[in-house]
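Chemist: what follows is a predicted structure for the sequence shown.
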Amino acid sequence: MTQTADRISELRAKGRRAAVATLVATTGGAIRRLGETMWVDDQGAIVGSVTIGGCVDGRAVELAEEALRSGSSRRVSLPLGDEDAWAFGMTCAGAVDLLVHLRKSIRVGIVTNNLLEEQRGKLRVCGLDPYVDVLVASEDVGVSKPDPEIFDIAVRRLGVTAAESVMVGDSWQNDIAGATAAGIRAVWFNRTGGAQPPLPSGVKSLRTLAPPDDAAAVILSRD
């Protein structure tokens, strides 16, 4: 909570706004502790987590962005709890099949603002770790998305250049703008069908990761 409060103070000093999601109740064997927080600022930067990540955390981000737009706080219940998501190895639909397909021809890396060991646990439980060659976490490298430096670190660890790389992400500010600033082509995973920001321009988008052949064609195409 101290880290989140410090980051909020930094945002206020810069004249920016942020919404904070706080976990106030759980059921079953949820792995998250009460009081866990996630902040989302008005430029799309995200720090922290109140769920296990993936599509579940994505819903929490959407709710935080709604709170920023409306200026009103809400108490909500996510129908899929953390313990359920861990038990069923929940990921965004089609993620495993897509990674298996992509790994036939390319190396795969993940760039995350989450804690390193936490992210490793997510990959392991969701069955994704065999398909990921490099994991770059902000906690480990000392810089966070959307800073281009974290993407530079990722491509170096993958043994490729920025021009040879492509970034697929669901956060326009953190993933798309950040990768583009690092000279990396980006594909927006726009699962909610939201309006695409005008800049950076020329970014392709995906609404779903399935079927893997179709998603891979968009990701790998340089047209």
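Modeler: Ah, there it is.

Chemist: which element follows the worst-scoring helix or strand of the chain on mean pLDDT toward the C-terminus?
Modeler: One helix or strand of the chain scores below all others by mean pLDDT, DSSP states H and E: helix 82-88, with a mean of 44. Scanning forward in sequence from helix 82-88 by DSSP states H and E, the next helix or strand is helix 95-102.

Chemist: could you chop this structure up by domain?
Modeler: The record's domain parsing of the chain by automatic domain parsing lists 2-84, 92-220.

Chemist: need the winner for burial among the ones you listed.
Modeler: domain 92-220 (a mean of 17; mean count of other CB atoms under 10 Å). C-beta here means a position set from N, CA and C on the backbone, and glycine is covered the same way.

Chemist: lowest-confidence stretch among the domains of the chain?
Modeler: For the domains of the chain, mean pLDDT drops lowest on domain 2-84, to a mean of 68.

Chemist: what about residue 196, which SS state?
Modeler: Here residue 196 takes the coil state, with states given by DSSP: H, G, I helix; E, B strand; the rest coil.

Chemist: show me what contacts it?
Modeler: By CB atoms under 8 Å, 6 or more residues apart in numbering, the residues touching residue 196 are 172, 188, 190, 203, 205.

Chemist: would you map the helices across the chain?
Modeler: For the chain, the helices defined by DSSP state H occupy 2-13, 54-70, 82-88, 95-102, 116-125, 138-141, 148-158, 178-181, 212-220.

Chemist: to residue 43, which of the ones you listed lies closest?
Modeler: Closest to residue 43 of these, according to CB to CB: helix 2-13, at 9.3 Å.

Chemist: for the closest residue to residue 190 other than its chain neighbours, list each beta-bridge partner.
Modeler: Using CB to CB, 6 or more residues apart in numbering and skipping residues adjacent in sequence, the residue nearest residue 190 is residue 205, 4.6 Å away. Legend: beta-bridge partners of residue 205 under DSSP bridges are residue 188.

Chemist: and residue 205, how far from residue 128?
Modeler: As judged by CB to CB, to the nearest Å, residue 205 and residue 128 stand 22 Å apart.

Chemist: ok, now residue 23?
Modeler: For residue 23, the distance to residue 128 equals 24 Å [CB to CB].

Chemist: again with residue 22
Modeler: From residue 22 across to residue 128, the span is 28 Å (CB to CB).

Chemist: sorry, back to before: got the contact list for the residue nearest to residue 190?
Modeler: 187, 188, 189, 190, 196.

Chemist: from those, pick the one nearest residue 211.
Modeler: Nearest to residue 211 among the contacts of residue 205 is residue 189, at 15.1 Å by CB to CB.
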